[in-house]
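>>> No sequence on hand, only this structure:
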């Protein structure tokens, strides 16, 4: 995946718009201070990122969303399982520390978080960049970072050695939760989208 400087600026704008909208929706849903902010967007080396994910031995809760349309892509969001417990308590309006293990409530909460992220990623692309992007139902996983990332790569059938990586900060109730957010577009259709809006790739 090779994108020009101008192309990357557009990608960053697209990413920031979608993350900002998802952040506002999440904060409204939780009725508390919650913010997802975009730190950076860049093209990452696949082998280096895979190695990094395999070195992270923490148990993770993640959600993967498949998008259909004229820009096919996949989204993977994951955070340490303890962070998903915090989110579960907030979503269920119960005291912090109530959730102590992964259960069906945690799965439902992370699935809803996937819906929020996916809908605002697609809305930003559809409304601002004339894309057709329809999110499929999200799939929740509870595993290690390396396993979930490998599943993402295999499902996307990546033929390229590069991927689009968003680095985000997830702050909730003044606590910063570490998380990973990957948006992996199908290269040909993504380049076509940039070309359609007049961006040289």
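Received it, and whenever you're ready, just let me know what you need. Please read these numbers as outputs of a predicted model, since none were measured by experiment.
>>> Check the burial of the nearest residue to residue 23 once chain neighbours are set aside by counting its neighbours.
Nearest residue to residue 23 in three dimensions, chain neighbours excluded: residue 36, at 4.2 Å (Cβ to Cβ, 6 or more residues apart in numbering). Placement of C-beta: from N, CA and C, glycine included. Other residues within reach of residue 36 by the criterion other Cβ atoms under 10 Å amount to 26.
>>> helix or strand for residue 36, which one?
When secondary structure is defined using DSSP states H and E, the element that contains residue 36 is strand 34-45.
>>> Sheet partners, orientation included, of that strand?
Each strand that strand 34-45 pairs with, and the sense of that pairing, follows from DSSP bridges: strand 162-172 (antiparallel).
>>> sorry, back to before: who's in contact with the strand holding residue 36?
Identification of contacts with strand 34-45 by Cβ atoms under 8 Å, 6 or more residues apart in numbering yields 1-3, 8, 11-12, 15-16, 19-20, 22-23, 26-27, 90, 161-173.
>>> quick one: buried residues of the helix or strand that it is followed by?
Heading C-terminal from strand 34-45, the first helix or strand you meet, by DSSP H and E, is helix 46-55. For helix 46-55, the neighbour count (16 or more other Cβ atoms under 10 Å) marks 46, 49-50, 53 as buried.
>>> just the angle between helix 46-55 and strand 162-172, please?
Relative orientation of helix 46-55 and strand 162-172, computed by axes from the mean of the first three to the mean of the last three Cα atoms, to 10 degrees: 40 degrees.
>>> can you give me the strands in this structure?
Shown for the chain, the strands assigned by DSSP state E span residues 34-45, 59-69, 73-80, 133-135, 139-144, 162-172, 175-177, 180-185.
>>> For residue 108, see how far away the residue of the chain positioned farthest from its centre is.
In the chain, the residue that sits farthest from the middle, by Cα atoms, centre = their mean, is residue 95; the gap is 27.1 Å. Here residue 95 is placed at a distance of 19 Å from residue 108 (Cβ to Cβ, to the nearest Å).
>>> Listing request: residues of the protein with sub-threshold pLDDT.
Residues of the chain that meet the criterion pLDDT under 70 lie in 1-2, 128-130, 155-160, 173-174, 187-190, 192-193, 196-201.
>>> which residues touch stretch 139-147?
For stretch 139-147, the surrounding residues in contact (Cβ under 8 Å, 6+ apart) are 50, 53-65, 78, 81, 102, 107, 110-111, 114, 148, 151, 180.
>>> hmm, which of those residues are the buried ones?
Buried members of the contacts of stretch 139-147, counted by 16+ other Cβ under 10 Å: 50, 53, 60-65, 78, 81, 102, 107, 110, 114, 148, 151, 180.
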